[in-house]
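>>> everything below, folded, please.
(2 chains)
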Amino acid sequence: MEFVANNLAAHRSAANGEVLVDVLRRDLGLNGTTVACREGDCGACTVLLGSPRENITGSPLRYRPITSCISPHANARGCHVVTIEGLSAHGSNPLQELLCHYSGTQCGFCTPGFVVSLTGFLLNSPSLSFADASAAIDGNICRCTGYKAIERAIQQLIATYAPRLLAAPSRIAALVSEGFLPDYFLQVPHKLPSYQAAAHRSPAHPSPLIGGGSDLFVQRPGELRPQELKLLHPGKETRQIAVEPSQVIIPASSSIHDFCEHPQLKKLLPCLDKVKKLFASTQIRQQATIAGNIINASPIGDIANFLLALDTTLLLRSTAGDRLVAQKELYLGYKTLSLRPEELLFELRFALPTPRTRVSFEKVSRRTHLDIASVTSTMVLTLEGATIVAAAISAGGVAPFPLRLSHLESWLVGRAASPQTAREAANRVTEEIKPISDVRGSAAYKTLLLSQMILAHFLSCCPETISEESLLV
Amino acid sequence: MINIDSLNHVSGKSCYIDDVPVPSNTLYGAVVYARIAHGTLKAIDYHAALQLAGVHAVLVAKHIPGENQIGGIIPDEPLLAEGEVHFYGQALGLILADSLYQAQQATALVKVSIDPLPAVTDPREAARKNMLIMPAKQLSRGCVKKALNQCATVVHGRADSGGQEHLYLEPQGAIAFPQEGQALRIVSSTQGPTAVQRGVCRVLGIARHLVEVEVGRLGGAFGGKEDQATLWAALAALGAWHSGRPVKLVLSRHDDMRMTGKRHPYSSDYRIGIDEQGLILAYSATFYQNAGASADLSPAVLARTLFHATNSYFIPHVELIGYSCRTHLPPNTAFRGFGGPQGMFVIESAIRHIAEAAGMDPTEIQRLNLINEAHSFPYGQQALGAQAARCWQQCTQTYALPKIRAKVDRYNAKHKRYKKGMAMMPICFGISFTNTPMNQAAALVHVYGDGSVGISTAAIEMGQGVSTKIVQVAATTLGILPQLIRIFPSSTRTIANTSPSAASATADLNGKACQIACTNIRERLLALAAELLKLSKTNDLRLVAGSVYCGDQPQGLTWQELVGAAYLRRISLSEHGYYATPDLYFDEKTGSGQPFAYHVYGSAVCQVTVDTLLGTYQIDAVKIVHDGGSSMNPSIDLGQIEGALAQGIGWLTVEELLFSSDGRPLTDTLSTYKIPDIYHGPKEIQVAFLENSTHPQAIFNSKAVGEPPLMYGIGVFFALRDALRAARPTSLQAFTAPLTPERVLMQLHAP
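Below is the predicted model:
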């Protein structure tokens, strides 16, 4: 058995690179899940992937919403895959009824995805707040577009059910007894096949390593789908992110979600919440790995740029042994890395920010959420009084790879954290960047935007000495 | 009444084109298309593709048995290119294979050789080169030249609006099933079954009765499947014709975005003059419509642009000219609003421009010039039942417009980085196909022996809730419970010669036809009831909730009993209802007539906040008073209003279609073309229906609602502009849409 699809065993039927939605629709006959974009960019194909790892709401399985159109189905090995059919076994549930009642469906094509994502919210949200519910559907596009009606249904859902669900000792049992989930959910943990990571067939030809697949299955789906791939199986990473006294250690296949939602990290890096909100969608954050964002080497990788400003060090592992490389030394040119062919990114480390350190993250894209940056930048500023003693600034979208603004950094050291410094920094930054004009914006725009972001960084890092009134003329 | 489809939608049981079961011998199609925007097609070598395992055939233009032509209004669009290619994405051939994957793989093996020719993507350049789809269209009244001389202020300028990808979530597709003889049954994701039937028959060279086109439902369309669904159905039919096997052709998103046309981009020049009070005396505009490579629906779209060029305003002297410009882009097509929004964007731009020049409040100019019953539109139709002023009034009162303005100004005086802006947006939209003959519809109603009812119409359910409205019409007219009624998939077998589900008129046209059919059945049954009850006349008899009443007295006779009795007495339980909108006419030569059954009005106030540091913005609120007549389903109509608004906002803010200078699409994926997500819409939407509005030509007095509310979104553009002017009061910002964060930042920092 490969995985459990709703209440039924699913056996291996295709090359492991075949995306999950095709296995569901074609091989298992579960065609309630719709396919609209095959880019993970609309959420219509959202399914839940339940894997044996206790989550915060007390369920023995952790259910992660993912976009099944760009997920190799082998990443579902040993998991409980929940599709719209698995939630509608006995007619409709209260969530579905509320969506009907508030006219939360129009053409209906996106609707199964919304229902599944909102079920993920019911399973996972510690607070069951309206904000959490909206965030849970930040990766679901409705073109018709019934967002307001869906919001009205959610408000009623929360008003009616949140108090009881929050009070229940087991969320999943409560969801079953309230009728949101069929009762087979309680039996599924006992049915899951045990998953063995080593059980790869030997591939006929070398294939790329795949984490969540959320980038490679957008870029090269035709090539990857028929292949036996080497999979890193994100979401089944057994190592945890470790916050040690002096440093943070991140296993490379941690998901973006695990990174952004880490309770200690959230306290140490308050801007992590903004990083999360502006990084893709709930589904993609669950699929995509930290390693993928670094190794993919996109100049506008959000996490890559964020970690770059934190002076992250990479532990590269191969049969020849381990090697530590500063992330800023990794990038040689556009998608060119100083990584040896046999090497694997194993973990990432960065030093803990001190109380004197301020971190500011900015990202601007055409659409604020679920979009790729025109420019992204992170500033890490260490202050002594009103003097800058250290600066690390990254900028994405202005060079062939995630860039550290080293000239500006050294110019800043020793200067006062003042409006004059900020303005001059905003002028100087244009000297060390070479943006190109593309669909994310013209070179002139990106140049101007980074300048403006430098000002925004100073506003955010130095509220004691720099105000909007003093900075903006 | 709750949407009858919603329960299937939420449980994943609704059947879209890709879910239709197919026999095991089905072949899968993939389209080979041009990767160059303009050039001479030298050769298509598909030898290697045919060698690939699973590939059965590659069909190109020479395999077409009938006419290689699918152009609807003007025959200028081949099904498969021959001789020349005219846009990147133009279909060249069809691969048929055992699996979709094999068919897609094979497309890469087809060698296409094209000698490139210069490509034109700009409509003004096309007009200069006389590359026009048809002669210029004109509409005028009075004498603009003379009137301008009497104006206190005159300005002229330019306004540009971009295209818009429909992005219906269900990609285009069709399945062709060969039947006995030469016949074909086609399941298509189309708004226009007859258009598909016409196209398929033309391409195959066969009579229409041999081709049956069926549509279950669409996963969104918005105009994109009105004319452009025909291509895929015709290709599937061609494949089935040659192979004798069912052929399924469902596009990938990527192919769909590359190969299909969008909303027309327009580039326009305007001239406007006002007197000292702010009354608009004269307005002229020249519209350069970017039609793309072939006519498609462009002539009709342009006609609607001219009809809506003065929006909700009365202007005595008007001179409008429109050029439908042929460029090397995919043929642009219908999109919710159908040219109306593009025309309205220009006059709204002109009003802001002249207000700024005259130092007046644009809101005041808008209000002063609203059309009323005494006025007529530039095309001669009297503005009977005009609701512009009432909508405006109810809007400004309900939402306390002066307070909103004062709050915005107070905020802006206090804040440096963030600036707020607001704008009013009145709308006026004519209901009917501007091509008068298309305003007809039919409904076939069967009452079965057990009292259940099945209804066929040409109303395609694509999310707008038309099936629910037709159930309401039938249930109310027959006097039975809605649970007894089923809406059948639309088929050219049951309803012939149909108009597409479009022009906001679907519920009116098909609803009225259904009402006529149901009325006839009901009258026959009530006559029988009178006989059964031994009453002399039927005057007081009615059917209510499945029982026969005389006055207020139930007669102990149920619908089911009555139906059973009718069958035994050999009284027909079926009816074909036919409706043609009365009193419509239009004289193309004089440019006058009565093209619309009625107009829908409304007013909205839009509020935004701009981060002037980074150029990003958020839409705070859109508050609407909408003239929905007496809405027969406020919940569905509210969904139409909110949904259309979101699409209108998307069009003018973040939805930006980019092509390289040689005509290659650059925004052909969801990662590069962004439509509104849950956070992009207004944080607050308020909708109130205009009180006491009806119109007899609207079904049950419930006015058409599909397209008009899209144009409230135009107000968001001008609210953003208002905020920009709060940051830089002296600069005249360009009227260029969409107003992306990039344009906002560049305008704020323009020298």
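
>>> grab the nearest non-local neighbour of residue 88.
By default, I'm working from chain A. B:Ser11 (3.7 Å; Cβ to Cβ, 6 or more residues apart in numbering or on different chains). C-betas here are computed from N, CA, C, even on glycine.

>>> that answer is for a different chain, and I need it for chain B
B:Ala37 is the one closest to B:Tyr88 (Cβ to Cβ, 6+ apart), at 4.5 Å.

>>> any idea how many residues pack against the residue in chain A that chain B sits nearest to?
Closest residue of chain A to chain B, Cβ to the nearest Cβ: A:Gly32 (2.4 Å). A:Gly32 is flanked by 23 other residues according to other Cβ atoms under 10 Å in any protein chain shown.

>>> need the pLDDT of A:Gly32.
You'll see A:Gly32 listed with a pLDDT of 97.

>>> do the same with B:Ala750
84.

>>> picking up where we left off before, tell me the pLDDT at the residue nearest to A:Ser88?
In this model, B:Ser11 carries a pLDDT of 96.

>>> same check on A:His233?
pLDDT, A:His233: 69.

>>> low-confidence ranges in the stretch 401-550 of chain B?
By pLDDT under 70, the stretch 401-550 of chain B has no low-scoring segment.

>>> roughly how far apart are the closest residue to B:Gly602 other than its chain neighbours and chain A?
Sequence neighbours aside, B:His626 is the residue nearest to B:Gly602 in space, at 4.3 Å (criterion: Cβ to Cβ, 6+ apart). Per Cβ to the nearest Cβ, to the nearest Å, B:His626 is found 14 Å from chain A.

>>> residues contacting residue 299?
I went with chain A, as the question did not name one. A:Tyr334, A:Gly396, A:Gly397, A:Val398, A:Ala399, A:Pro400, A:Phe401, A:Pro402, A:Leu403 (Cβ atoms under 8 Å, 6 or more residues apart in numbering or on different chains).

>>> should've been chain B
Counting by Cβ under 8 Å, 6+ apart, B:Pro299 has contacts B:Ile73, B:Ile74, B:Ile133, B:Met134, B:Lys137, B:Ser324.

>>> just after the strand or helix carrying it, pick out the following helix or strand.
Here B:Pro299, judged by DSSP states H and E, is contained in helix B:298-307. As assigned by DSSP H and E, the chain's next helix or strand after helix B:298-307 is strand B:317-326.

>>> which other helices and strands contact that following strand?
helix B:123-128, strand B:137-141, helix B:144-149, strand B:280-292, helix B:298-307 (3 or more Cβ pairs under 8 Å, 6 or more residues apart in numbering or on different chains; DSSP states H and E).

>>> CSV for the ones you listed, including mean pLDDT?
Shown next, in CSV, are the helices and strands packed on strand B:317-326 (pLDDT from 0 to 100):
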stretch, mean pLDDT
helix B:123-128, 98
strand B:137-141, 97
helix B:144-149, 98
strand B:280-292, 98
helix B:298-307, 98
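
>>> flag every residue of the stretch 551-700 of chain B that's near chain A.
Listed as neighbours of chain A in the stretch 551-700 of chain B under the rule Cβ under 8 Å from any Cβ of the partner chain: B:612-616, B:618, B:635-636, B:638-639, B:642-643, B:646-647, B:654, B:656, B:658, B:666-667, B:669-672, B:674-681, B:685.

>>> list the ones among those that fall in helices.
B:Ser635, B:Ile636, B:Leu638, B:Gly639, B:Glu642, B:Gly643, B:Ala646, B:Gln647 (DSSP state H).

>>> put together TSV for those, with distance to B:Leu7 on each row.
Shown next, in TSV, are those (distance: Cβ to Cβ, whole Å):
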residue	distance to B:Leu7
B:Ser635	15
B:Ile636	15
B:Leu638	19
B:Gly639	16
B:Glu642	21
B:Gly643	20
B:Ala646	24
B:Gln647	26
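
>>> so which of the residues you listed is the most crowded?
B:Ala646 (30 neighbours).

>>> residue contacts, that residue?
B:Ala646 neighbours (Cβ under 8 Å, 6+ apart): A:Thr145, A:Tyr147, B:Pro676, B:His680, B:Gly681, B:Gly713.

>>> so where do the strands sit in the stretch 251-400 of chain A?
Secondary structure of the stretch 251-400 of chain A (DSSP state E, counting those that start in this stretch): strands located at A:313-318, A:321-326, A:331-333, A:336-337, A:344-351, A:357-364, A:375-384, A:387-396.

>>> with mean neighbour count added, can I get the ones you listed in JSON lines?
Listed next are these as JSON lines, based on neighbours: other Cβ atoms under 10 Å in any protein chain shown:
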{"stretch": "strand A:313-318", "mean neighbour count": "18"}
{"stretch": "strand A:321-326", "mean neighbour count": "12"}
{"stretch": "strand A:331-333", "mean neighbour count": "15"}
{"stretch": "strand A:336-337", "mean neighbour count": "15"}
{"stretch": "strand A:344-351", "mean neighbour count": "20"}
{"stretch": "strand A:357-364", "mean neighbour count": "24"}
{"stretch": "strand A:375-384", "mean neighbour count": "24"}
{"stretch": "strand A:387-396", "mean neighbour count": "22"}
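
>>> so which residue of chain B comes closest to chain A?
For chain B, Cβ to the nearest Cβ, closest residue to chain A: B:Gly12, 2.4 Å.

>>> A:Ser103 contacts B:Ser6, correct?
Yes: A:Ser103 is within contact range of B:Ser6, at 7.2 Å (criterion: Cβ atoms under 8 Å).
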